[in-house]
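*Asks:* One predicted model, sequence on top.
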Amino acid sequence: MGRIWTPSLAFFLMILVATSTLPLANASNPEPTVIEGRIFVVSLDQNNSYETTVDVDENSFIQLTLNCQACTGSLTGDDTNASGSERMELFSVNTTTIAVNIATTETETVQFTLHHGVLDAFPHVRPGPSDASSHHPIGICTEAADCMDTLRGTLAAVVDDSTDLDMLQSGVVNSSSDEYMTIDVSSGDTLEWQWLDTTEETAVTVYFQNMTDEIMFETTLTSTTGHTELNGLPIPVEWWTAPDYGRFIVRISSPVFPALWTAHAMIHTNVPTTPLIGQDLIYGAELLGHGSTISAFDWNETQSLELHSRLGQITLRVDQLLNGTWVTGQSDTVEEGESRTIYPYPGNIGGRIVISDVPVFSLELQTNEYSDNNAWLDAPSYLPATLGLDNTSWPAINLTDASSGELTLAVHDTVDTYRFVVDGWEDSVHFIQFTITGNISEIEAQLWDIDQMTSEVLDTAPSVVTSDSLRISMQVGRGTHYLQIRAINSSALTQHAWGSDVPSIDYTLTPSYSLIDEGEEPWFPPSEDAVFWGGVARWVLGTAFLIPGVYLLVHLQRSRTYGREIFSKKERLAWYRTRLDSGEANVTASQKDLVRALYAVAQLQWEDGLETWGKPSLHHRTEGLDLAVWRIDKRMAKTPGTWPLVLGIHVLDGEWDLAAIRFDAPGGAAYTVRHVEPRFLFQGEEVFLDTLKQGHRMFLMVELEGDAPAVDIELNGRMDTIPFASRIPTTFTRDEEE
């Protein structure tokens, strides 16, 4: 036996060969583009041509179809050829290479398809239900939304043969015997068949078989003689749905032979449920599918559901969820182009659309809100019996903003009752007015002033008709009161059945409010317990607020005491070095003691502080400022490798703000401040001190990183709001550092 090539594999090889041989055929060949994996488009200049080659096996056929104005094509084999301006075919007995040529006498864009396959690729005998038959691979679509594009105005699948090669099927009815294709399916799967190209009138008939029985579907899909998808006409398409698990037997027949055909064949797998839960249907949705499906969606009692079938007939029903139980809706057939509006039952909390026995469908659905005052509530038609009754079911009107509502006549809603709340003191009087616009010829309004103690009606007022609105006003006391909008002739407006799609009466409420009498401000004497516990709370809170002050005083006193203690020892910095050299103290303890001493010495008089640290390495005094610098043992630095200094600042006159100490290296790379005690902000070579008032004293330990041999120290800022700087005239060198 010879090798058997499936049509899909043959098409794949055709695409592969046609695209791979383009540069070999002609160096100046135009480059074609491919549409949906099978339709080639090439732009040709006048008297120019496109050439390529295709390898075919023995007992094969090849077909070229053109769509152009002045072009011709040819197929040339070893011993045969064919040419024409629309369609041409070659049948090859032996394996050969077919040369394809397309030429034109004028500049134009040419569309063409190139199909080839094996003759007699399908059986000629239809198997019985119990006969074995091999499954023929065809395309599979698991998600309808991935295969359909209803914006094209068709329910037919849009196929890209480059992504699923099994979609494209081709063959030849080469004798009076029909050809048969076996396709295994599951219950609810739908077979779609699209005729793309037929040289003669060709028909496809579908049978369904299980293990014991066979049924023939009534629908037959027939393609006309010389049909091609390139002519722009609608593609003949049909669908068949499997009633059970089994297989489809597809019969392909033609009264004239040989009849070459090309088609799309695919299985749409059954999707029993298509949930829309969580999707906001106010913005609309499209339900696509094949066969049958159930789609649950969020639905409340103030939303109508609008269904529209733009393409094709749909049989469906809409069920509603009431008290945890599904209430089955009435089956309905929606014709192509028709719409249905369905209203929910009171208390409805969900819905589901059930579509059954529809080979293919596209259903557009959208919910429309008809709640009153945008409160997700349909205003009741009556007043609550008492003020003690839970009145949250009555929508509240905001007395500062306009609101809207409607009398939904479809559900026999002819009265809307609203509540509004007036806030005020006892015996206050308020003037309330509502202006109602809309279809005022069919509605009227009424206000009720309610006694807040007994729930009795103190007063009521009807609406007054003006030229373009209704107006209603009343003086009311503080508390909850009610406004009602109702149809004038409700019996005449509700002659239809409940749920019928009839227009609603829309209206808008615009409130106006003014205070007539503010009443008396209430005063309630405090209880004895409130007085007692209030006093306790004041003492507790007062004591708590004093604790930080007490802590601060204790801290200052300890700092002064410690300052006097270290003042008695003098030469404090030399003392640290001696203790470190002798091993009497470790580095960590000395660092902590130095930080504490910086605070304590600042509490002493300036001259005493200088004596405490020892003779400064550098000292500069002006009329308004005194600066002193000490070298300290490098072991006292918390950052290894840095140069530690102690700096003293005493403001003698004036007030500095935005003050900052700058360490400038006159030679070498700039210094960088790595650590400061006490903690001040620093960046680069500056330490920011903020505000220094007259008499202010402070001592800082600064750790500098850098290799410069000396440093200049200056204080920058504004003294008495005038920009000012004070620099120590002597450069501080590191040569004397021990």
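*Replies:* Perfect, I can see it now.

*Asks:* top strand in this protein by residue count?
*Replies:* As assigned by DSSP state E, the longest strand anywhere in the chain is strand 350-369.

*Asks:* mind listing what's buried in that strand?
*Replies:* Neighbour-count burial for strand 350-369 flags 350-355, 358-367 (criterion: 16 or more other Cβ atoms under 10 Å). Quick note: C-beta positions are derived from backbone N, CA and C, even for glycine.

*Asks:* Same check on stretch 326-346?
*Replies:* Buried residues in stretch 326-346 (16+ other Cβ under 10 Å): Gly329, Val334, Arg340, Ile342, Tyr343, Pro344.

*Asks:* contacts for it?
*Replies:* 299-322, 351-352, 354, 363, 408, 410-411, 498-499, 501 (Cβ atoms under 8 Å, 6 or more residues apart in numbering).

*Asks:* Which residues are in contact with the residue nearest the centre of the chain?
*Replies:* The C-alpha lying nearest the average C-alpha coordinate of the chain belongs to Gln279 (Cα atoms, centre = their mean; 12.5 Å). Taking Cβ under 8 Å, 6+ apart, we find Gln279 in contact with Ala285, Phe297, Asp298.

*Asks:* quick one, helices of the chain?
*Replies:* 7-20, 22-25, 144-147, 490-493, 528-567, 572-582, 587-601, 606-613 (DSSP state H).

*Asks:* Any stretches of this protein with poor pLDDT?
*Replies:* Residues of the chain meeting the criterion pLDDT under 70: 1-28, 375, 523-524, 551-552, 554-569, 735-738.

*Asks:* and Cys68, backbone torsions?
*Replies:* As for Cys68, its main-chain torsions (degrees, to the nearest 10) stand at phi -160, psi -180.

*Asks:* Once you drop chain neighbours, what's closest to it?
*Replies:* Val110 (4.4 Å; Cβ to Cβ, 6 or more residues apart in numbering).

*Asks:* The one you found: how many residues sit nearby?
*Replies:* Val110: 22 surrounding residues under other Cβ atoms under 10 Å.

*Asks:* Look up how far Asp449 lies from it.
*Replies:* From Val110 across to Asp449, the span is 84 Å (Cβ to Cβ, to the nearest Å).

*Asks:* Over to Thr224?
*Replies:* Distance of Thr224 to Asp449, given as Cβ to Cβ: 80 Å.

*Asks:* Please apply the same query to Tyr507.
*Replies:* In this view, Tyr507 and Asp449 are 22 Å apart by Cβ to Cβ.

*Asks:* Looking at those two, which is more packed in?
*Replies:* Taking neighbours as other Cβ under 10 Å, Tyr507 and Asp449 compare with Tyr507 leading, 23 against 19.

*Asks:* Excluding chain neighbours, what is closest to that one?
*Replies:* Gly438 (3.5 Å).

*Asks:* swap in Ile649?
*Replies:* In space, Ile649 is closest to Met698, 5.3 Å off (Cβ to Cβ, 6+ apart).

*Asks:* and that neighbour, how many neighbours?
*Replies:* 18.

*Asks:* Repeat that for Ser514.
*Replies:* Per other Cβ under 10 Å, the neighbour tally for Ser514 reads 9.

*Asks:* Could you do Leu151 as well?
*Replies:* Neighbourhood size, Leu151 [other Cβ under 10 Å]: 7.

*Asks:* And Asp45, by the same measure?
*Replies:* Look at Asp45: counted by other Cβ under 10 Å, it has 11 neighbours.

*Asks:* Who are the contact partners of it?
*Replies:* Going by Cβ under 8 Å, 6+ apart, Asp45 touches Thr107.

*Asks:* ok, so what distance separates it from Pro30?
*Replies:* Taking Cβ to Cβ, one finds Asp45 at 8 Å from Pro30.

*Asks:* Pretty sure Asp506 sits against Ser404.
*Replies:* Yes. Counting by Cβ atoms under 8 Å, Ser404 is a contact partner of Asp506 at 7.0 Å.

*Asks:* which residues sit in contact with Phe503?
*Replies:* Quick fix: residue 503 reads Pro, not Phe. Applying Cβ under 8 Å, 6+ apart, the residues contacting Pro503 are Leu409.

*Asks:* Tell me how far it lies from Arg674.
*Replies:* For Pro503 relative to Arg674 (Cβ to Cβ), the value is 81 Å.

*Asks:* and if you look at Cys71?
*Replies:* 83 Å.

*Asks:* and if you look at Ala156?
*Replies:* 76 Å.

*Asks:* Pick out whichever of those two has more residues nearby.
*Replies:* Neighbours per residue (other Cβ under 10 Å) separate Ala156 from Arg674, with Ala156 holding more: 23 against 19.

*Asks:* Spatially nearest residue to Arg734, not counting backbone neighbours?
*Replies:* Closest residue to Arg734 apart from its sequence neighbours, by Cβ to Cβ, 6+ apart: Pro709 at 5.8 Å.

*Asks:* no, scratch that, I was asking about Val595
*Replies:* Closest residue to Val595 apart from its sequence neighbours, by Cβ to Cβ, 6+ apart: Glu677 at 4.9 Å.

*Asks:* Would you mind confirming that the one you found makes contact with Asp593?
*Replies:* No. In this structure, Glu677 is not within contact of Asp593 by Cβ under 8 Å, at 11.6 Å.

*Asks:* residues touching the closest residue to Phe682 other than its chain neighbours, list them.
*Replies:* If the residues on either side of it in the chain are set aside, Phe682 comes closest to Val673, at 4.3 Å by Cβ to Cβ, 6+ apart. Counting by Cβ under 8 Å, 6+ apart, Val673 makes contact with Phe663, Phe682, Gln683, Gly684, Glu685, Glu686, Val687, Val702, Glu703, Leu704, Glu705.

*Asks:* Kindly provide the distance from Val673 to Glu686.
*Replies:* Val673 is 7 Å from Glu686, by Cβ to Cβ.

*Asks:* And Thr198, by the same measure?
*Replies:* Counting by Cβ to Cβ - Thr198 and Glu686 are separated by 89 Å.

*Asks:* ok, these two, which is more surrounded?
*Replies:* Per other Cβ under 10 Å, whichever of Thr198 and Glu686 has more neighbours is Thr198, with 23 against 15.

*Asks:* who touches the closest residue to that one other than its chain neighbours in this structure?
*Replies:* Closest residue to Thr198 apart from its sequence neighbours, by Cβ to Cβ, 6+ apart: Ser223 at 4.2 Å. By Cβ under 8 Å, 6+ apart, Ser223 lies in contact with Trp195, Thr198, Glu201, Thr202, Ala203, Pro236, Trp261.

*Asks:* Dump the residues you listed into a markdown table; add distance to Trp533 as well.
*Replies:* Output for these, formatted as a markdown table (distance: Cβ to Cβ, whole Å):
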| residue | distance to Trp533 |
| --- | --- |
| Trp195 | 92 |
| Thr198 | 98 |
| Glu201 | 102 |
| Thr202 | 98 |
| Ala203 | 97 |
| Pro236 | 90 |
| Trp261 | 97 |
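
*Asks:* Which of those sits closest to Val250?
*Replies:* Using Cβ to Cβ, Ala203 comes nearest to Val250 of those, at 10.8 Å.

*Asks:* Any idea what the closest one is bridged to?
*Replies:* Going by DSSP bridges, Ala203 is paired in beta bridges with Thr222, Ser253.

*Asks:* so what's Glu306 up against?
*Replies:* Each residue near Glu306 by Cβ under 8 Å, 6+ apart is listed here: Ser339, Arg340, Thr341, Ile342, Leu365, Gln366, Thr367, Asn368.

*Asks:* Save those residues as a markdown table, and put in distance to Gly139 too.
*Replies:* Shown next, in a markdown table, are the contacts of Glu306 (distance: Cβ to Cβ, whole Å):
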| residue | distance to Gly139 |
| --- | --- |
| Ser339 | 33 |
| Arg340 | 33 |
| Thr341 | 38 |
| Ile342 | 36 |
| Leu365 | 28 |
| Gln366 | 32 |
| Thr367 | 35 |
| Asn368 | 39 |
